[in-house]
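Novice: Attaching a predicted model along with its sequence, questions to come.
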Amino acid sequence: MILTREHTILLVSDDAELCDAARREFEAKEEGLRVAAVRTVEAARRIVEDTAPTVILLLESSATPESEGPVGRMPRLNSVVSALAVHAPVVVIGARGLESELASLVAAGAADFVERTGGCLPVALEMVERRLRRAQQVASDAQQFAGAKNALNGEAFGEILRHEMNNPLTGILGNAELLLAEVRRKNDGRLPQGGQQRLETIAALAVRLRETVRRLSQECESRRHPAQ
């Protein structure tokens with residue numbers, strides 16, 4: 001795949017060997033691709049807005065747990081990925097069992113999960129490449145819209161926009177309606193069983209919508225004001 005504009009992959013990894021291997025793979029395969037790397041999530045948070053990554057590849061061990069053991073670590077990972085997903089979709093390489101913690105983010109399209117095994121890196125890289133291809137398609141569609149001079153192009157972009165937003169909106173409305181119906185049925189002032197998972201899904205889908213609008217806005221703005 002040859003990218004028509006520069007995209008950035010942000011690697012968040014405390015494993016220098018894995019990070020170097022990922023960097024070599026991307027730099028060998030892709031043109032117009034920049035790879036940035038940091039060792040911790042804290043460092044990623046400090047630079048993510050300036051870096052404006054297209055995709056984030058996160059090694060789960062780079063997210064410092066709030067307490068020892070999986071009970072303290074799993075909620076921490078979920079909150080870390082949710083915060084990063086505001087800026088770009090996140091591909092997570094993590095220990096077995098953590099995929100359930102990220103289920104709502106994966107279902108919302110805000111994250112992908114790869115179990116950390118000896119052969120996990122090629123799988124993770126393929127997921128990142130799929131995210132890049134999708135971002136490239138969105139960028140191309142936005143460029144067509146920004147440069148459109150006839151109604152046909154505008155209609156094409158409208159179809160793209162409907163497709164990008166319809167799925168997460170459907171998920172938000174569906175989960176909200178089911179949750180509201182269960183709350184009304186029980187009428188005890190408590191969150192029903194499974195309610196937290198539905199709220200997490202709604203939040204993740206809202207993040208996905210915001211990210212879609214941000215990407216489209218950036219592409220349109222770059223077309224109006226190209227870099228000198």
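Specialist: Perfect, thanks for sending it.
Novice: how deep is residue 94 tucked in, by neighbour count?
Specialist: By other CB atoms under 10 Å, 23 other residues sit near residue 94. All C-beta spots, glycine's among them, are computed from the backbone N, C-alpha and C.
Novice: Ok, residue 170 next?
Specialist: Residues within reach of residue 170, counting by other CB under 10 Å, total 11.
Novice: what residues are up against it?
Specialist: Contacts for residue 170 were tallied using CB atoms under 8 Å, 6 or more residues apart in numbering; there are none.
Novice: In which helix or strand does it reside?
Specialist: Under the assignment given by DSSP states H and E, the secondary-structure element containing residue 170 is helix 151-186.
Novice: now the helices for the chain?
Specialist: 16-29, 41-51, 69-85, 103-107, 120-146, 151-186, 195-224 (DSSP state H).
Novice: These: lowest mean pLDDT?
Specialist: Mean pLDDT is lowest for helix 69-85 among the helices of the chain, at a mean of 65.
Novice: neighbours of residue 215, just the number please.
Specialist: Every residue meeting other CB under 10 Å relative to residue 215 is counted, giving 18.
Novice: domains in this structure, as residue ranges please.
Specialist: When the chain is parsed into structural domains using automatic domain parsing, the resulting residue ranges are 2-134, 139-224.
Novice: mind listing what the most centrally placed residue in the chain touches?
Specialist: The residue at the geometric middle of the chain, judged as the C-alpha nearest the mean C-alpha position with CA atoms, centre = their mean, is residue 89 (1.3 Å). Residues in contact with residue 89 (CB under 8 Å, 6+ apart) are 55, 56, 109, 110, 111, 112, 131, 211.
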